[in-house]
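Novice: Whatever this is, show me its structure:
(chains A, B, C and D)
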2 protein chains.
Amino acid sequence: MKRSKPKAVCCSPLLAGRLTSDETAHLAAIFRALGEPARLQMLSLIAAQPEQEVCACELVEPLGLSQPTVSHHLKVMYEAGLLARERRGTWIYYRILPEKLAMLREALS
Amino acid sequence: MKRSKPKAVCCSPLLAGRLTSDETAHLAAIFRALGEPARLQMLSLIAAQPEQEVCACELVEPLGLSQPTVSHHLKVMYEAGLLARERRGTWIYYRILPEKLAMLREALS
DNA sequence: CTTACATATTGACATGTATCAATATCGTTG
DNA sequence: CAACGATATTGATACATGTCAATATGTAAG
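Specialist: Next comes the predicted model:
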């Protein structure tokens, strides 16, 4: 039972020629995760923290969204590879993965 | 009758602190335009042309989509400011606006 | 084990959108 | 003006998704 592929797709620069179907699917999924104002708010809010991370509970009030909705958005970004999560006791902390943003900048060149 | 605003929103780096509501709405609209495999295919296809542009008709066959669907995707990217359009006779040529991509790279920093 | 709190999941609903066939619009050419 | 080809718009349909209330799960503390 082999894994389908080591998931090395992604990131040829968009302007450097035609992308494969895998590349466009992968890139589009990430851009779609960024295509929501609430999620961009979350990212900028995380980046604004001195520790560069927030626990999920700290996002509910400033965003004015319900806890399930916040949880949903965090999941979307986590699955897109934009966020890392770490459990510390009862709380779960999220932080931005700067490598992923760098990868996107690369793809947009 | 004043215009609502000169549309100077956008582009503070995402990681530099909290974004305004206008900024996230504007940025999200652009990312949403990129969040579709077919549209990324179009961009890479345009970039692959020696002239850095295509007429709309040239996209239908390689993408395997209907003409109305291609027209729809082009409109989405045009309205997001990613593409420029120029009519030459019967044909309409689209090209990528590299400034917009540069702006996005900036926003992702 | 039970209570309390943080987070995730489920279900329901409304809205958005990708797609195509059919049709309309627009330029060019006769 | 009429005919033709390229592009855009409309209408219909299927599917995706943002949102919340209700509920489940998970962890720490008594």
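Novice: how about the helices of chain A, start to end?
Specialist: Along chain A, counting by DSSP state H, helices occupy A:21-34, A:37-47, A:57-63, A:67-79, A:98-107.
Novice: So which of the ones you listed is the most surrounded?
Specialist: Each of those was scored by mean neighbour count; the highest is helix A:37-47, a mean of 22, by mean count of other Cβ atoms under 10 Å in any protein chain shown. Just so you know, the C-beta spots here come from the backbone N, C-alpha and C atoms, and that holds for glycine as well.
Novice: tell me what it is packed against?
Specialist: With contacts taken as 3 or more Cβ pairs under 8 Å, 6 or more residues apart in numbering or on different chains; DSSP states H and E, helix A:37-47 sits against helix A:57-63, helix A:67-79, strand A:91-96, helix B:21-34.
Novice: TSV for those, including mean pLDDT and distance to DNA strand D?
Specialist: Putting those into TSV (pLDDT from 0 to 100; distance: least, Cβ to the nearest atom of the strand, whole Å) gives the following:
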stretch	mean pLDDT	distance to DNA strand D
helix A:57-63	98	8
helix A:67-79	98	3
strand A:91-96	98	9
helix B:21-34	97	9
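Novice: separation between the residue positioned nearest the centre of chain A and DNA strand D?
Specialist: For chain A, the residue sitting closest to the mean C-alpha position, by Cα atoms, centre = their mean, is A:Leu82 at 2.3 Å. As defined by Cβ to the nearest atom of the strand, to the nearest Å, A:Leu82 lies at a distance of 13 Å from DNA strand D.
Novice: quick one, what contacts the nearest residue to that residue once chain neighbours are set aside?
Specialist: Distance criterion Cβ to Cβ, 6 or more residues apart in numbering or on different chains; nearest residue to A:Leu82, sequence neighbours excluded, is A:Lys100 at 5.3 Å. Contact analysis of A:Lys100 by Cβ atoms under 8 Å, 6 or more residues apart in numbering or on different chains lists A:30, A:80-82.
Novice: can you pull the contacts of the residue nearest to the centre of chain A?
Specialist: A:30, A:33-34, A:43, A:96-97, A:100-101.
Novice: burial count for the closest residue to A:Leu104 other than its chain neighbours?
Specialist: Closest residue to A:Leu104 apart from its sequence neighbours, by Cβ to Cβ, 6+ apart: B:Leu108 at 5.4 Å. By other Cβ atoms under 10 Å in any protein chain shown, 23 other residues sit near B:Leu108.
Novice: Pull the residues that contact stretch A:86-93.
Specialist: Stretch A:86-93 is contacted from outside by A:53-57, A:85, A:95, using Cβ under 8 Å, 6+ apart.
Novice: What residues does chain A have near DNA strand C?
Specialist: Contacts of chain A with DNA strand C, taken as Cβ under 7 Å from any atom of the strand, map to A:55-57, A:67-68, A:71-72, A:74-75, A:85, A:90-92.
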